[in-house]
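Peer 1: return atomic coordinates for the entry below.
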Amino acid sequence: MKGMTAQISVVTLTNSNGWTFTVQVSEPNGQTRHSVSLSQQDFEQLSSGKEISPQDLVRKSFEFLLERESKNQIQRQFDLPSIERFFPDYPAEIRKRL
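Peer 2: A predicted model of the protein is given here:
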């Protein structure tokens, strides 16, 4: 849905090895809610030492996804690194955006 502005809100819950995020994507035509997990190790790999919070990484990852598919096509529950299975350019592209 290029051209539409989505509001992406991220709520963070810290757990023993990383985080779980509740992500809400709101657009004029409705909203979706997603549960996203991210381990400390995966965060360090994806952020490659850049000064960014886990929340910002998740928000930018959703911006990446929304450029490629509608909010309704984004899985409701997933592990952040799994984006690479569907979009192999994700790790390189996300590092450029950080």
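
Peer 1: residue 67 - how many residues pack around it?
Peer 2: 11 (other CB atoms under 10 Å). The way it works is simple: take the backbone N, C-alpha and C, and place the C-beta from them, glycine included.

Peer 1: and it, what pLDDT?
Peer 2: At residue 67, the pLDDT value in this model is 96.

Peer 1: cool, residue 19 as well?
Peer 2: 98.

Peer 1: can I take it that it is in a helix?
Peer 2: No: under DSSP: H, G, I helix; E, B strand; the rest coil, residue 19 sits outside any helix and is assigned strand.

Peer 1: any idea how far it lies from residue 96?
Peer 2: 23 Å (CB to CB, to the nearest Å).

Peer 1: distance-wise, check residue 20 relative to residue 69.
Peer 2: 22 Å.

Peer 1: neighbouring contacts of the lengthiest helix in the chain?
Peer 2: Counting by DSSP state H, the longest helix found in the chain is helix 54-66. Here helix 54-66 makes contact (CB atoms under 8 Å, 6 or more residues apart in numbering) with 1, 6, 8, 10, 12, 18-19, 21, 23, 25, 34, 36, 38, 43, 46-47, 74, 80, 83, 87, 90, 93-94, 97-98.
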